[in-house]
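Q: sharing a sequence plus its predicted fold:
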Amino acid sequence: MRFHPIRSLVAASLALCALQVDAQGRIFRCGNEYTNDPQVAKAKGCNVMEGGNITIIEGTKPAPARSAPAAAAPRSGSGTERVDSTAQRARDSDARAILEAELRKAEERLAQARKEYANGEPEKQGIESRNYQRYLDRVAELKAAVARAESDVSGLQRELSRLPGSANPAGSAAK
């Protein structure tokens, strides 16, 4: 008798496949749960899953909520605390100063964008004299930049008008 390595490899792979199929067994679906225990499946009235193998990955469980009162313990027990009026005025004035500085920068960006846009007719640059589409694209970008800058300015003016004690009406920021 002669030893046939191919036959032994085929036999071994068939044996492994049979073991793998047997290891998978039948899978039963019970609503949102799955089981491979036929007794549990019969007791719950589960359905046999047909088709292919399934993979179930359990989701992460949320961590228990940390006790918020412990973190807030250094503060006083009442939830209706008031900030000292002088401290609040100082915060408001700081916020106003920051917003006014941002408004000045935004107005400068708007002026620069409007200058570059030149009412929709900026000067052609380099290759744009030969490639009109490139010029049109740049004009569209400049128009969008002007719109963004105008939006930024109006948003900052709105924020300034919302601050308590707004002596300045919207749009009359100090320059």
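A: Ah, there it is. Numbering: from 1, shown residues only.
Q: please compute how far stretch 43-52 lies from its chain's middle.
A: For stretch 43-52, the gap between its own C-alpha mean and the chain's C-alpha mean amounts to 39 Å (Cα atoms, centre = their mean, to the nearest Å).
Q: what of stretch 47-65?
A: Remark: stretch 47-65 is offset 26 Å from the chain centroid, using Cα atoms, centre = their mean.
Q: also stretch 142-159?
A: In terms of Cα atoms, centre = their mean, the centre of stretch 142-159 is found 24 Å from the chain centre.
Q: now tell me what touches that stretch from outside.
A: Judged by Cβ atoms under 8 Å, 6 or more residues apart in numbering, the contacts made with stretch 142-159 from elsewhere in the structure are 99, 102-103, 106-107, 109-110, 113-114, 116-117, 120, 122, 170-171, 173. Every residue, glycine included, has its C-beta placed from N, CA and C.
Q: which SS class is residue 156?
A: Residue 156 falls in the helix class when you classify it by DSSP: H, G, I helix; E, B strand; the rest coil.
Q: filter the contacts of stretch 142-159 down to the buried ones, PyMOL style.
A: The following PyMOL line selects those of the contacts of stretch 142-159 that are buried, judged by 16 or more other Cβ atoms under 10 Å:
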select buried, resi 99+102+103+106+107+109+110+113+117+122+173
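Q: in this protein, which helix is the longest?
A: Of all the elements of type helix in the chain, the one with the most residues (DSSP state H) is helix 85-117.
Q: list the helices and strands that helix packs on?
A: Taking 3 or more Cβ pairs under 8 Å, 6 or more residues apart in numbering; DSSP states H and E as the contact definition, the neighbouring helices and strands of helix 85-117 are helix 132-162.
Q: for the helix it packs on, buried residues please.
A: Of the residues in helix 132-162, those scored as buried under the neighbour-count criterion (16+ other Cβ under 10 Å) are 135, 138-139, 142, 145-146, 149, 152-153, 156-157, 159-160.
Q: and the angle for that helix with helix 85-117?
A: Regarding helix 132-162 and helix 85-117, their directions subtend 160 degrees when assessed with axes from the mean of the first three to the mean of the last three Cα atoms, to 10 degrees.
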